[in-house]
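Chemist: sequence and predicted structure are below.
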Amino acid sequence: MTSAVHLLQYLPPISSTMTPKQRLKPSKPAHNTKLESRRACSSPCLTASSSTTSGRRKGPDDYHATLKALNSKGRFPRKSLGQHYMLNSEINEQLSSAADVGDGDVVLEIGPGTGSLTNVLFSAGAYVIAIEKDPHMAALVSERFADTDRLKVLNEDFLKCHIRSHVLSVLESNKSSDLNSGYAKVVANIPFNISTDIVKQLLPMGDIISEVVLLLQALIAVSSLTDLSALVSWSHNS
Ligand SMILES: C[S@@+](CC[C@H](N)C(=O)[O-])C[C@H]1O[C@@H](n2cnc3c(N)ncnc32)[C@H](O)[C@@H]1O
């Protein structure tokens, strides 16, 4: 079995219109109602250090909906958990289509958060195994998709849980169903603080995982400001 990085795509810079001052604003808890009335900007994510909203189209995962979902659990993005929530559904769709997610695919999502990417994966027809460390977010995503039988939420630390057995149990139990058996795919907007460890965990799993598409953080400026711009994907070939 060999595994190879087939594709390293850089997404276009997505917060280039923000001023350094905007980027460096200190964290504010989401329950601060002042947050909700701030002006729109082009940032696609709600992060531990962002206090601005996205000017993109409204939807179930836009800035206000995401804040509302977080508020419902008394939460705000935590840097220690790499929590930055995707507000741009187009980027989620790019992640899903880079892995060619389709009907019956089993997809492992690391850190579903509020479920914006999970929602896109469902729309593509996938069965999703979502591993979420934060118990509040695990509860939130379970409640959000309570009416589907195509989701298994595991409130676990991805770096400590037995991923292989979780994935294999879903692949095995679905052999006779209409799910594509044999291989799972990984599609995730991962917590950047543990990117390297996540990749290390996934690399030896080419026997059960066919595609990996991760949104990673890339350095974009000498001032050490960072942006979300790298989409890395690879396929395992036997
Ligand atoms: C970058 S956010 C992405 C959230 C969501 N997928 C999105 O795109 O908006 C990362 C998510 O991973 C979760 N997380 C952090 N560390 C984790 C770990 N070790 N195992 C599983 N989930 C983790 C965070 O709680 C958070 O929900």
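Modeler: Structure's in. What do you need? As the structure is a computational prediction, the values presented were derived from the model and not from experiment.
Chemist: and L159, what does it touch?
Modeler: Applying CB atoms under 8 Å, 6 or more residues apart in numbering to L159 gives the contacts 194, 197-198, 201. Every C-beta, even on glycine, is put in place using the N, C-alpha and C of the backbone.
Chemist: overlap between those and the residues near the ligand?
Modeler: Filtering these for proximity to the ligand by CB under 6 Å from any ligand atom leaves I194.
Chemist: and the contacts of L159, which are buried?
Modeler: 194, 198, 201 (16 or more other CB atoms under 10 Å).
Chemist: of those residues, just say which sits nearest to the ligand.
Modeler: I194 (5.7 Å; CB to the nearest ligand atom).
Chemist: thought the closest one was touching G82?
Modeler: Yes. In this structure, I194 is within contact of G82 by CB atoms under 8 Å, at 6.5 Å.
Chemist: and L108, backbone torsions?
Modeler: phi -90, psi 120 (degrees, to the nearest 10).
Chemist: and stretch 107-126, what's its mean pLDDT?
Modeler: Across stretch 107-126, pLDDT averages out at 97.
Chemist: first to last residue in stretch 141-151, what's the distance?
Modeler: Chord length of stretch 141-151, first to last residue, is 10 Å (CA to CA, to the nearest Å).
Chemist: that stretch close to the ligand?
Modeler: No. Stretch 141-151 stays clear of the ligand (CB under 6 Å from any ligand atom), getting no nearer than 8.5 Å.
Chemist: can you list which of the contacts of L159 are found in helices?
Modeler: 197-198, 201 (DSSP state H).
Chemist: which member of those residues is positioned nearest D100?
Modeler: Of all the ones in helices among the contacts of L159, D100 sits closest to I198, with 20.8 Å by CB to CB.
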